[in-house]
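>>> okay, here's the prediction I keep looking at, along with the sequence it came from:
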2 protein chains.
Amino acid sequence: MRSIMAATTTKPHPGTNRKFVLAARPVGMPKESDFELVSEPLPPLAQGQLLLRTQYLSVDPYMRGRMTGVRTYADPVNIGEIMVGGTVGEVIESRNPDFTAGQIVTGYWGWQEFAVSDGSGLRHLDTKLAPVSTALGVLGMPGMTAYFGLLEICQPSAGEMVVVSGAAGAVGSLVGQIAKIKGCEVVGVTGSDEKVAWLTGELGFDAAFNYKTTSDYVARFQELCPNGVDCYFDNVGGAVSDAVLSVINTKARIAVCGQISQYNLDKPEPGPRAFRYLLNKSARAEGFLVYNFVERFPEGMGQMAKWIKEGKIKYRETIVEGFENAPRALIGVLAGENTGKMIVKLC
Amino acid sequence: MRSIMAATTTKPHPGTNRKFVLAARPVGMPKESDFELVSEPLPPLAQGQLLLRTQYLSVDPYMRGRMTGVRTYADPVNIGEIMVGGTVGEVIESRNPDFTAGQIVTGYWGWQEFAVSDGSGLRHLDTKLAPVSTALGVLGMPGMTAYFGLLEICQPSAGEMVVVSGAAGAVGSLVGQIAKIKGCEVVGVTGSDEKVAWLTGELGFDAAFNYKTTSDYVARFQELCPNGVDCYFDNVGGAVSDAVLSVINTKARIAVCGQISQYNLDKPEPGPRAFRYLLNKSARAEGFLVYNFVERFPEGMGQMAKWIKEGKIKYRETIVEGFENAPRALIGVLAGENTGKMIVKLC
């Protein structure tokens, strides 16, 4: 049995909440008008509940899939429903014995300034360990995606060639660094010369190229990976992935993490069929969800935190200020405007 | 140390050999003029050699790949070189202590009436165990392809839905039966109503359809696999595989064994890109070669022989008579004219 503690109220109850709901299913790239900012009264807390004030919202490419009215690996967000997403915030009032006002927690309460919670799905953050925003990035879902996707799906060995697409994103930038820690050669594909310079100059990638200024991807891979590609961590799909398929080695492993180049298409874009390449090379392509590895998150987070402390993993955040700018931030992620993790900071 | 035995000559040395060499690289479907039948003198045997007279030649879809001047998983056959392929034949003369005249062996000596061998790569066949032609089918490469491809790549569990394309071929017809032994539901895709009847009537497939008379593959799969597809054993690729991708279940496993619909194309045909489907379903597609499992062939052959004896596995051979008809037989395999294993029997 739980002991019931008296509620501790430290700040005046805000009374009103604001949240973004899905206003329309986007056609192609989402527009700001596909979201609607609505206000609603915040109810008083019942026993067992707590009130959260959002500090950081995560915006991630997978959210585009949820805006489409099709079930993929998760249910879609329906019109009028709050946009989903990872969050970090402060407990500002608690009638739940496991939480006290002033604590910082992370969870998945979506695009809203405040949230009433029963505490389920919340995780306490140690503010002395790392900036709390990292719970949405390197020490959160993107970090775990990079860690388990690379190590469990690609299973790279020292000396192997690893290619990462979306290499300067929240996940890709970590994948390349983990592969370097494991002794691999790493080539990144990204969307600007500044990102190329960051990957090779700061993060230790052996090479990277800007796909927007490269006309022949196959030739570029042949130049940068003269002995072929053993592991491919794919965040983007499309023509970049088509090119990688033509340079994979025997027994290559492809982790299909994202297909951001395809998310705004109404229907799958035709390309050269992949199976022929997999057949010729006894190669494997596997889609995965980070939540397949949820039971091993403590291991993954512990290792990532250790690598950060040792200076082996660096991370960058692109922070957009102001709750009102959340839609604009998500559109920015889908357009590749971020370097590292894109986060919305509430004022 | 080996003991050296005196050579035993039982039949007059034939003097002349005939073989098929590659005359031209095919454009599209191979033509008979892409092969040339040439005669050459048979040299006398050196110590350690034996002379083989071919009884059966295997013709298999993979041979189309070898006729293309591109290295895939194996080196191509060059112009003027003998066509490769599995064979069964009789030892008619031996100067090798491990072989005596009259023995029947299987090997990979290619499209020729006779072969001089040093014995390497040959395997003795027990003529009392099964018809020796089965060494090219159910108890040979196609049988091992079905056995290891299904059990190791697809890893089906009882109650799961297994789809097989090229279902009436040498490999596909065995895949479906093994899946039934393992307690799966099995749907086959094949190219004639007669083959559909054979699969469902004799081999125990739960359902099958003729892709040539079906316009909407997705609708047909939705009808036959209302709970989705867990395992797909793909021999054909192309539009059939595109359709299967749209009905796979979470954690589906796809064994890419062949892509016969694509072999006669100059370049990969565009289709909906596969990675998006793999991503949405945390699914895996993996190409494989039967030779990856060569160390486990004794296990596989023992199990297949046991199932045949128990009546759990049935097989059919389509036999073309006459060495001269080997090119025509291979063209027939590529056109789907065979039911079960296509074999050339030398007169």
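That came through fine. Numbering: from 1, shown residues only, chains lettered A, B, ... in the order given.
>>> so the residue nearest the centre of chain A is in which element?
Residue closest to the mean C-alpha point of chain A, counted by CA atoms, centre = their mean, is A:Pro142 at 4.0 Å. Assigned by DSSP states H and E, A:Pro142 belongs to helix A:141-148.
>>> likewise A:Ala255?
Element membership for A:Ala255, per DSSP H and E: strand A:248-256.
>>> what separates that strand from the chain centre, distance-wise?
Strand A:248-256 sits 23 Å away from the centroid of its parent chain (CA atoms, centre = their mean, to the nearest Å).
>>> ok, that strand: who's next to it in the sheet?
Paired strands of strand A:248-256, with direction, are strand A:229-234 (parallel), strand A:284-287 (parallel) (DSSP bridges).
>>> return the residues in contact with the residue nearest to the centre of chain A.
A:60, A:136, A:170-171, A:174, A:341 (CB atoms under 8 Å, 6 or more residues apart in numbering or on different chains). C-beta coordinates here come from the backbone N, C-alpha and C atoms, glycine included.
>>> just A:Pro270 next, same as before
B:270-273.
>>> got a quick ChimeraX command for the buried subset of these?
Selection of buried members from these for ChimeraX, criterion 16 or more other CB atoms under 10 Å in any protein chain shown:
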select /B:271,272,273
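>>> and the nearest residue in space to A:Gln222 that is not next to it in sequence, how far is that from B:Phe205?
Closest residue in space to A:Gln222, ignoring its immediate chain neighbours: A:Val247 at 6.2 Å, by CB to CB, 6 or more residues apart in numbering or on different chains. Noted for A:Val247: a distance of 39 Å to B:Phe205, by CB to CB, to the nearest Å.
>>> one step back: so how far is the helix or strand just after the strand holding A:Ala255 from its chain's centroid?
Following strand A:248-256 in sequence order, the next helix or strand is strand A:270-272 (DSSP H and E). Relative to its parent chain, strand A:270-272 has a centroid offset of 26 Å by CA atoms, centre = their mean.
>>> on that earlier part again, tell me which of the contacts of A:Pro142 fall in strands.
Of those, the ones assigned to strands by DSSP state E are A:Lys341.
>>> picking that back up, rebuild the contacts of A:Pro270 as TSV, extending it with pLDDT and distance to A:Glu40.
What follows is the contacts of A:Pro270, written out as TSV (pLDDT from 0 to 100; distance: CB to CB, whole Å):
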residue	pLDDT	distance to A:Glu40
B:Pro270	90	48
B:Gly271	92	47
B:Pro272	92	42
B:Arg273	94	41
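>>> return the closest of the contacts of A:Pro270 with respect to B:Gly107.
Of all the contacts of A:Pro270, B:Gly107 sits closest to B:Gly271, with 37.9 Å by CB to CB.
>>> circling back: residues in contact with the residue nearest to A:Gln222?
A:218, A:221-222, A:225, A:228-229.
>>> picking up where we left off before, dump the strands paired with strand A:248-256 into JSON lines; add mean neighbour count and mean pLDDT as well.
Shown next, in JSON lines, are those (neighbours: other CB atoms under 10 Å in any protein chain shown; pLDDT from 0 to 100):
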{"stretch": "strand A:229-234", "mean neighbour count": "27", "mean pLDDT": "98"}
{"stretch": "strand A:284-287", "mean neighbour count": "26", "mean pLDDT": "98"}
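>>> need those strands in CSV with distance to A:Leu50, can you?
Formatted as CSV, these follow (distance: least, CB to CB, whole Å):
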stretch, distance to A:Leu50
strand A:229-234, 38
strand A:284-287, 36
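>>> re earlier: okay, the strand holding A:Ala255 in PDB with CA atoms only?
Extracted in PDB, the C-alpha atoms of strand A:248-256 (Å, rounded to 0.1, in the frame of the first residue of the first chain):
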ATOM      1  CA  ILE A 248      27.100  -2.700 -50.200                       C
ATOM      2  CA  ASN A 249      29.400  -5.600 -49.400                       C
ATOM      3  CA  THR A 250      28.600  -9.200 -48.900                       C
ATOM      4  CA  LYS A 251      26.700  -9.700 -45.600                       C
ATOM      5  CA  ALA A 252      26.000  -6.000 -45.300                       C
ATOM      6  CA  ARG A 253      23.500  -4.900 -42.600                       C
ATOM      7  CA  ILE A 254      21.100  -2.000 -43.100                       C
ATOM      8  CA  ALA A 255      19.300  -0.400 -40.200                       C
ATOM      9  CA  VAL A 256      16.200   1.300 -41.500                       C
END
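>>> can you pull the contacts of A:Thr72?
By CB under 8 Å, 6+ apart, the neighbours of A:Thr72 are A:65, B:280.
>>> low-scoring stretches of the stretch 201-347 of chain A, by residue?
For the stretch 201-347 of chain A, no stretch is flagged by pLDDT under 70.
>>> which parts of it sit against chain B?
A:234, A:237-238, A:241-242, A:250, A:254, A:256-259, A:262, A:267-289, A:292 (CB under 8 Å from any CB of the partner chain).
>>> tell me the buried residues within those residues.
The neighbour-count test (16+ other CB under 10 Å) marks A:234, A:237-238, A:241-242, A:254, A:256-259, A:262, A:268-269, A:271-289, A:292 as buried among those.
>>> is the closest residue to A:Phe114 other than its chain neighbours within a helix or a strand, and which one?
Sequence neighbours aside, A:Asn17 is the residue nearest to A:Phe114 in space, at 4.5 Å (criterion: CB to CB, 6+ apart). Assigned by DSSP H and E, A:Asn17 belongs to strand A:16-22.
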